[in-house]
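K.L.:
Attaching a predicted model along with its sequence, questions to come.
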Amino acid sequence: MTTIVPSGIVTVTTDFGHKGPFAAVMKGVILSRFRGAEIIDLAHDIPAHWPAEAGFWIHHAYTYFPDGTVHIAIVDPGVGTEREIILVEYDKHIFIAPDNGLLDSIINLSDSPQVNRLDLNKLASIGITNPSATFHGRDIFAPVAAELAAGRIVPSAVGSRTTQWTPGLLSEPDHGEQSISGVVVTVDAFGNLITNIGGDMLERFALVRVRVAGHELELKTTYGRALPGEYLALINSFNVVEIARAEGSAADGLGTERGAPVQVFEYDG
Amino acid sequence: MTTIVPSGIVTVTTDFGHKGPFAAVMKGVILSRFRGAEIIDLAHDIPAHWPAEAGFWIHHAYTYFPDGTVHIAIVDPGVGTEREIILVEYDKHIFIAPDNGLLDSIINLSDSPQVNRLDLNKLASIGITNPSATFHGRDIFAPVAAELAAGRIVPSAVGSRTTQWTPGLLSEPDHGEQSISGVVVTVDAFGNLITNIGGDMLERFALVRVRVAGHELELKTTYGRALPGEYLALINSFNVVEIARAEGSAADGLGTERGAPVQVFEYDG
Amino acid sequence: MTTIVPSGIVTVTTDFGHKGPFAAVMKGVILSRFRGAEIIDLAHDIPAHWPAEAGFWIHHAYTYFPDGTVHIAIVDPGVGTEREIILVEYDKHIFIAPDNGLLDSIINLSDSPQVNRLDLNKLASIGITNPSATFHGRDIFAPVAAELAAGRIVPSAVGSRTTQWTPGLLSEPDHGEQSISGVVVTVDAFGNLITNIGGDMLERFALVRVRVAGHELELKTTYGRALPGEYLALINSFNVVEIARAEGSAADGLGTERGAPVQVFEYDG
């Protein structure tokens, strides 16, 4: 394992929403330990019951940050139960999240995942002695991220190497002979439906159509190619299949939400 | 009085919401005066008529920031009227807010509160000559905070020591023989009801129950100990009594909002 | 043309809302190129069909940032079509936006506007070779802003000087003999209606009244001068005419939205 040179940047993804001081308090903890940290809010609007969305966005966003960035994600209905925390190293980035499947899409990128399970007994070494039962973001994630971002520890200093973790609830796209079946992972502010079907998976098809909520849509190259009100599918800027409605909300128009099945298939006219 | 060594950090709490450039303009003013400032949004969703919530969050959040941090809070139905601005020093932090009771819970922490009343005549010394009547956040709070965070002034440079200020609208919890009466101070994004009853106050009781909106709830140690849909009370990570609903919203379920009475009492079976 | 000494600050204005990682990814791109950048969210809630609001806020906010700040704005129903991008230099600040009229109010400030049209062929010089069709914020605006903020390029390095651009959809206020006609440009979080009628324009009138949605309102000096529920007009802290409702929402009360006509006129009793 090569050592990761820290960028000093920490991204934060949560289900806290934008109310109250919860994210701010985590930033205070990070800055108290490492005044040079640069903290970026990645997203705070992940649905609490849908950790896969946090993993999806981190998977598709992390490459735009410098090597050596620490990404923490807290979407965590199980806080206060026995669920544990894992630290994953991949592609010179470090990812920290509850062991609830959130990081599945990151872990699946590697043939030999580098995963450490956080060991509460090792936290005393960085001065964490009595974390609250209900705000691990402040009492565990933030100080650990600060120490990693400052380059003062590596993940194994607070964890133990493991080959076992909780798998994600979302299955990877299913590749049939004539089609690929995936799901809507998230819905953006414009009501676009974003799926887990990668653009690369479509290369084997000559002419592609997308089936969602009883509609069959053509794959277009950009939003601008559709008429107002028209639905369309496209490969979006994160290189996954997206269903949009020109000058409207596909989610509202189709009555479709996270988890809805989406099928891409070869169209033979 | 010992001099506070500034951390260079400024936290900002307002009722501006997340629309428009109002907080950003304040940051521009701070950075124009002190490029090294680190500005953290604490909360921007405080209800305009409920300054106590700003004070509550600042009270419970400030210790997570480094000593020498400046905290500004603007929840201010009275802007443009004769209300004044106070600067409070406590525990090596500086707090600035309208003199409308917002900082009550900070001031009450001290036996000998260090309060300065802002003196508009002294603002010329830091180049503020003609503040607008309607945006004190930009024209007074931001430049004063920048100068304090840069360590170029102390509070008395822009204010006069005072022993009089406007008390808060929210009374402190009332300690009876068998019970403690408090109120819901704020409701978080999950619909949890957060009260002003400190966890420490419960130590004298053997077995505790909490009464709210006609319900009597047991005190549990964490969210995870309740069944889905069940209401529970707990001492939260900010060490105050909180009423939650497992996998749901207590505020919606109980029809309860800020200001609702909450009673903690000794349960004798 | 004088060279602008960069402040290292970049402001970001979009129609992305506060959902998802879109603004964060832009910040990652900027920090990857220029770790010393200070990135300030100006506003992310501009209505997608109303770029004029982005231009209005940037126009009224930019002076509060240090000279040498780069302001990027992406409100862009036309992304993926043939619309182009312009860079405007004014008053020692740099502004970058789609050429859709968004920057009209900045351009109109100058007698000899300094406008460069972005030249995609020149982007290779800063390592941008294959921008996505749908996320120019990440693939073009962010890296260009980073290079400008770092002082490594000037606008002409990535653009060609032009004297032609798309005019804004919002006309400037119309000055009649007895009155000035303008429109509501934006509505803030409190429901205040903010117009494009500058306070300076009113100086020629002795006694002013404001007509909006069938109401005739007096011009007051501050919010505090009105009774609860009363409508009032005032010259706000950005020096434009604003219609407010004391302790209420003028937008809700008057049923008035962006684009509504507003008239200021001489009142002769």
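P.N.:
Now that the structure is in, tell me what you want to look at.
K.L.:
A:Glu257 contacts A:Val185, doesn't it?
P.N.:
No: the pair A:Glu257 and A:Val185 fails to qualify as a contact (C-beta atoms under 8 Å) at a distance of 11.1 Å. Bear in mind the C-beta positions are built from the backbone N, C-alpha and C, glycine included.
K.L.:
A strand includes A:Glu53, no?
P.N.:
No: secondary structure assignment (DSSP: H, G, I helix; E, B strand; the rest coil) places A:Glu53 in helix, not in a strand.
K.L.:
Go ahead and confirm it touches A:Arg258.
P.N.:
Yes: under the criterion of C-beta under 8 Å, A:Glu53 makes contact with A:Arg258 at 7.1 Å.
K.L.:
and for these two, which residues touch both?
P.N.:
Shared contacts of A:Glu53 and A:Arg258, defined by C-beta atoms under 8 Å, 6 or more residues apart in numbering or on different chains, are found at A:Pro47, A:Val185, A:Thr186.
K.L.:
Give me the below-cutoff pLDDT ranges for chain A.
P.N.:
A:1-2, A:78-82, A:222-225, A:269 (pLDDT under 70).
K.L.:
Specify the beta-bridge partners of A:Ile194.
P.N.:
A:Thr186, A:Glu242 (DSSP bridges).
K.L.:
Just want to know which of A:Glu257 and A:Val185 has more residues nearby.
P.N.:
A:Val185 (24 against 12; other C-beta atoms under 10 Å in any protein chain shown).
K.L.:
close enough to count as contact, the more buried one and A:Thr195?
P.N.:
Yes: the pair A:Val185 / A:Thr195 is scored as a contact, 6.3 Å apart, by C-beta under 8 Å.
K.L.:
Now do the contacts for the residue nearest the centre of chain A.
P.N.:
Centroid check for chain A by C-alpha atoms, centre = their mean gives A:Gly55 as the closest residue, at 2.1 Å. By C-beta under 8 Å, 6+ apart, the contact set of A:Gly55 is A:Ala73, A:Ala97, A:Gly101, A:Leu102, A:Leu103, A:Asp104, A:Ser105, A:Ile106, A:Gly168.
K.L.:
Now do the helices for the stretch 1-150 of chain A: every range, in order, please.
P.N.:
Using DSSP state H, counting those that start in this stretch, the helices of the stretch 1-150 of chain A run over residues A:22-33, A:51-61, A:104-107, A:136, A:142-149.
K.L.:
now check stretch A:122-142, is it near chain B?
P.N.:
Yes: against chain B, stretch A:122-142 shows contacts by C-beta under 8 Å from any C-beta of the partner chain at A:Ser132, A:Ala133, A:Thr134, A:Phe135, A:Arg138, A:Asp139.
K.L.:
Not counting that stretch itself, show me its contacts.
P.N.:
Here stretch A:122-142 has contacts from A:14, A:16, A:22, A:25-27, A:29-30, A:72, A:74, A:76, A:79-80, A:85, A:96, A:98, A:118, A:120, A:143-144, A:147, A:152-153, A:157-159, B:64, B:221-223, B:234, B:236-238, using C-beta under 8 Å, 6+ apart.
K.L.:
Mark which of these are buried, thanks.
P.N.:
A:14, A:16, A:22, A:25-27, A:29-30, A:72, A:74, A:76, A:79-80, A:85, A:96, A:98, A:118, A:143-144, A:147, A:153, A:157-159, B:64, B:222-223, B:234, B:236-238 (16 or more other C-beta atoms under 10 Å in any protein chain shown).
K.L.:
Inside strands: which ones of these?
P.N.:
A:Thr14, A:Ile72, A:Ile74, A:Ile85, A:Ile96, A:Pro98, A:Leu118, A:Gly159, B:Leu234 (DSSP state E).
K.L.:
is it possible to export those to CSV including distance to C:Pro6?
P.N.:
Output for those, formatted as CSV (distance: C-beta to C-beta, whole Å):
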residue, distance to C:Pro6
A:Thr14, 33
A:Ile72, 31
A:Ile74, 36
A:Ile85, 41
A:Ile96, 34
A:Pro98, 41
A:Leu118, 41
A:Gly159, 41
B:Leu234, 50
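K.L.:
How many neighbouring residues does A:Lys122 have?
P.N.:
Neighbourhood size, A:Lys122 [other C-beta under 10 Å]: 16.
K.L.:
Now do the SS call for the closest residue in space to A:Gly259 that isn't next to it in sequence.
P.N.:
Once flanking residues are discounted, A:Gly259 sits nearest to A:Val183: 5.7 Å by C-beta to C-beta, 6 or more residues apart in numbering or on different chains. Following three-state DSSP, the label given to A:Val183 is strand.
K.L.:
wait, isn't A:Val183 in contact with A:Asn196?
P.N.:
Yes: contact criterion C-beta under 8 Å: A:Val183 and A:Asn196 qualify, at 6.0 Å.
K.L.:
what about the two, which has more around it?
P.N.:
Counted by other C-beta under 10 Å, A:Val183 and A:Asn196 do not tie: A:Asn196 has more neighbours, with 21 against 18.
K.L.:
just to revisit the earlier point, who wins for most neighbours among the residues of stretch A:122-142 next to chain B?
P.N.:
A:Arg138 (24 neighbours).
K.L.:
From A:Ala23, how far off is that residue?
P.N.:
A:Arg138 is 10 Å from A:Ala23, where distance means C-beta to C-beta, to the nearest Å.
K.L.:
Repeat that for A:Glu242.
P.N.:
Counting by C-beta to C-beta, the gap from A:Glu242 to A:Ala23 is 28 Å.
K.L.:
For chain B, see how far away whichever residue of the stretch 51-200 of chain A sits closest to chain C is.
P.N.:
Residue nearest to chain C within the stretch 51-200 of chain A: A:Ala189 (3.3 Å; C-beta to the nearest C-beta). In this view, A:Ala189 and chain B are 12 Å apart by C-beta to the nearest C-beta, to the nearest Å.
K.L.:
Could you tell me whether that residue really is in a helix?
P.N.:
No: counting by three-state DSSP, A:Ala189 is located in no helix; its state is coil.
K.L.:
Nearest residue to it in space, please, no chain neighbours.
P.N.:
C:Gly17 (3.3 Å).
K.L.:
for A:His175, same thing?
P.N.:
With C-beta to C-beta, 6+ apart, the residue lying closest to A:His175 is A:Met201, at 7.1 Å.
K.L.:
so who does that neighbour touch?
P.N.:
A:Pro173, A:His175, A:Ile180, A:Val264.
K.L.:
now swap in A:Glu242 and tell me
P.N.:
If you count contacts by C-beta under 8 Å, 6+ apart, then A:Glu242 has A:Asn192, A:Leu193, A:Ile194, A:Thr195, A:Ala233, A:Leu234, A:Ile235, A:Asn236 around it.
K.L.:
Run a quick neighbour tally on the fourth one.
P.N.:
Residues within reach of A:Thr195, counting by other C-beta under 10 Å, total 26.
K.L.:
cool, and the fifth one?
P.N.:
Counted with other C-beta under 10 Å, the burial measure for A:Ala233 works out to 26 neighbours.
K.L.:
what bridges to it?
P.N.:
Beta bridges link A:Ala233 to A:Leu219, A:Ile243, judged by DSSP bridges.
K.L.:
That one reaches A:Glu216, doesn't it?
P.N.:
No: shown here, A:Ala233 and A:Glu216 do not form a contact pair, counting by C-beta under 8 Å, at 9.5 Å.
K.L.:
which bits of chain A sit near chain C?
P.N.:
A:7-9, A:11, A:13, A:18, A:38, A:40-45, A:57-58, A:60-61, A:64-66, A:69, A:186, A:188-190, A:221-225, A:234, A:236-238, A:247.
K.L.:
Give me the buried entries from those residues.
P.N.:
Buried members of these, scored by 16+ other C-beta under 10 Å, are A:7-9, A:11, A:13, A:18, A:38, A:40-45, A:57-58, A:60-61, A:64-66, A:69, A:186, A:188-190, A:222-224, A:234, A:236-238.
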